[in-house]
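# what's the 3D shape of this:
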Amino acid sequence: MSSCKIASLNVQGINHPIKRKKILLYFKKLKASVVFLQETHLNDAESLKLSRDWVKQCIYAPVNKKCGVAILLSKALKYDLLSTYSDPNGRWVLAVIKIDGSTYTLINIYGPNKDDLQFINLLHEILLLTSSDFICLGGDFNNVLDPILDRHSQSSYKSHKISCALTQLITQHSLTDIWRL
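Numbers count the residues shown, from 1 in each chain. This is a model prediction of the structure:
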């Protein structure tokens with residue numbers, strides 16, 4: 001793959017047509033190839049409205065009011081979609097694509113905003129089943145790896161178990177946190 005821009009944004013709801021248009025325009029100007037959106041709050045019908053203009057395909061996990069995630073794939077990206085999977089609770093969506101003979105697993109997540117080791121264990125299970133050449137796991141984990149580096153105030157931070165579990169997940173699956181490069 002010559003060049004692929006991947007972007008991610010927690011949109012905190014994208015139901016309003018003007019907000020949706022502004023967000024899609026922002027990613028069009030950015031020339032993003034792949035976009036991960038979290039907290040879309042979109043149902044099936046509304047999710048289809050994301051497949052416009054520069055977006056060739058929208059893979060999503062729909063919900064009624066909470067959560068919701070989507071992966072937007074640009075028309076400029078030359079790929080074959082091999083498979084998709086999504087969480088019925090709108091917490092994650094996965095797409096396996098093939099580009100230039102290599103397979104890529106794209107996983108967009110919106111993590112629970114409470115300590116939930118089951119969610120991290122589920123991610124671990126999903127990653128164990130992945131047989132792609134490359135994995136891109138992104139989104140909003142609603143957590144941090146290092147509260148000292150990643151938070152302004154550590155006084156209210158209580159998710160040490162989740163931070164440790166995330167660090168272990170990264171290590172076990174040879175992932176790289178791009179913010180740590």
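
# what about the strands in this protein?
6-10, 34-38, 55-61, 69-74, 80-86, 92-99, 102-110, 134-140 (DSSP state E).

# quick one, which of these is nearest to residue 172?
The minimum distance between residue 172 and these falls on strand 134-140, with 12.2 Å, by Cβ to Cβ. (C-beta placed from N, C-alpha, C; glycine too.)

# what pairs with the closest one, parallel or antiparallel?
In the sheet, strand 134-140 lines up against strand 102-110 (parallel) (DSSP bridges).

# angle of the strand it pairs with against strand 55-61?
For strand 102-110 against strand 55-61, the angle by axes from the mean of the first three to the mean of the last three Cα atoms, to 10 degrees is 50 degrees.

# can you show me the CA trace of the helix or strand of the chain with the lowest mean pLDDT as CSV?
Lowest by mean pLDDT, DSSP states H and E among the helices and strands of the chain is helix 147-150, with a mean of 73. C-alpha atoms of helix 147-150 as CSV (Å, rounded to 0.1, in the frame of the first residue of the first chain):
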residue,chain,number,x,y,z
PRO,A,147,-2.6,8.2,33.9
ILE,A,148,0.5,10.3,34.6
LEU,A,149,1.2,10.9,30.9
ASP,A,150,-2.3,10.8,29.5
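
# any idea how far that helix is from the middle of the chain?
22 Å (Cα atoms, centre = their mean, to the nearest Å).

# now it: buried residues?
Within helix 147-150, the residues scored as buried using 16 or more other Cβ atoms under 10 Å are residue 147.
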